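S.K.: Test case, fold it:
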Amino acid sequence: HKGMPRPVLKKAIRMWQDRRGFPQVFNDDVVLPSLLSSGVASQDAYEWIHSVCTEVTAVGKTNAWITNPYMNMAKPPELVLNSGCSLLTGEQLSEDRGELADYPDYQSVYDAYLAELAKWIRVAIDIHSGIEERYKQDSPLPFLSANIGDCIEKARDFTDGGPRYNPSYAQGTGISTAVD
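M.R.: Predicted coordinates:
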């Protein structure tokens, strides 16, 4: 943020450069507008925390399904360019759209990539939805629910929509590989 002491910033930059750690830098100038634009009430947005790695949430009022599901963003172009087959196993994982030489132009490759990506996003969402249902049925969290905003008022468990905010995030990994 604007008032961050320069020595602290320089130390963080040095750690990144030397690959000795991955300090996270957060500030209200970025976080508050992000939370407010995603529907978090103003009074809740000012009490935020980064949970897990880089996701920000309203403290004590959020059940964020962080990083579930992980999406391998490099897999769709691999399948698009290799007749739907995994280069690792040779297994047919998707429809055979041909190989790179079969596409007439870049736009055709890009359109095939978007279609493949959409397919795997749907698969991931279906899997995640099933996991959420199992948690509701098999793993209620009554003690946590008693300490999270709105669970008691709604008479709903933490795993069943009790918290005020219940965002889900799909984590895209391998984006730079997909772009390459």
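S.K.: which residue ranges form the strands in this protein?
M.R.: Across the chain, reading from the start of the chain, the strands by DSSP state E fall at 48-51, 55-58, 70-72, 171-173.
S.K.: which one of those is the most hemmed in?
M.R.: Among the strands of the chain, judged by mean count of other CB atoms under 10 Å, the one packed with the most neighbours on average is strand 55-58 (a mean of 20). No exception for glycine: its C-beta is placed from N, CA and C like everyone else's.
S.K.: any residues touching it, and which ones?
M.R.: Counting by CB atoms under 8 Å, 6 or more residues apart in numbering, the neighbours of strand 55-58 from elsewhere in the structure are 26, 31, 34-35, 40, 44-45, 47-51, 64, 66, 164-165, 167, 169.
S.K.: And for the closest residue to Leu81 other than its chain neighbours, the neighbour number?
M.R.: Distances taken as CB to CB, 6 or more residues apart in numbering put Leu100 closest to Leu81, at 5.0 Å, once the chain neighbours are dropped. Residue neighbour count, defined by other CB atoms under 10 Å, stands at 10 for Leu100.
S.K.: Now do Leu100 against Lys10, distance only.
M.R.: The spacing between Leu100 and Lys10, counted by CB to CB, to the nearest Å, is 46 Å.
S.K.: related to what we said a few turns ago, just tell me which of the strands of the chain ends up closest to Leu81.
M.R.: Go through the strands of the chain one by one with CB to CB and the one that ends up closest to Leu81 is strand 70-72, at 14.7 Å.
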